[in-house]
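Engineer: Turn this into a model:
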Amino acid sequence: MIIREKEEAVELGARLQQIREDQGLSQTQFAELVGTSQSTISQIEAGERNPSYDMLRRLATALSVTIGYVLGETEISDLNPEEEAYFREFRGLSESARRQLSQFAQFLRTTHGIDEDGDEQA
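Structural biologist: Modelled structure (predicted):
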């Protein structure tokens, strides 16, 4: 077992649930992507079941994130909770939608006189 402590299993489950929900997936939809049952996803999210390494890999792949991200070992630094939620939503977008969002963000920066670093231009 990779997750030994109950507390760690609960933290993993909560994190997994948050990532899944941020991507707009139900447990059933997520289970289909992973190739497992909805009850398995429910048990993992509730901290009642410790996923194997193979299952962690499949969970992460289905969510388009790394295993480290699922485990909470890698974070985007200096993001507030709102920014982190936007980042998770971005990951759930198709490549085409990501390009459109990037173009819209560039439009907003130009319109509001903000450079690439987020600083207002004089």
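
Engineer: Now do the lowest-mean-pLDDT helix or strand in the chain: which elements does it pack against?
Structural biologist: Across the helices and strands of the chain, mean pLDDT, DSSP states H and E gives its lowest value to helix 81-91, namely a mean of 79. Secondary-structure packing of helix 81-91 (3 or more CB pairs under 8 Å, 6 or more residues apart in numbering; DSSP states H and E): helix 6-22. Just so you know, the C-beta spots here come from the backbone N, C-alpha and C atoms, and that holds for glycine as well.

Engineer: quick one: the helix it packs on to helix 81-91, angle?
Structural biologist: Using axes from the mean of the first three to the mean of the last three CA atoms, to 10 degrees, the direction of helix 6-22 lies 60 degrees away from that of helix 81-91.

Engineer: Show me what counts as buried in helix 6-22.
Structural biologist: Neighbour counts over helix 6-22 (16 or more other CB atoms under 10 Å) mark 9, 12-13, 16-17, 19-20, 22 as buried.
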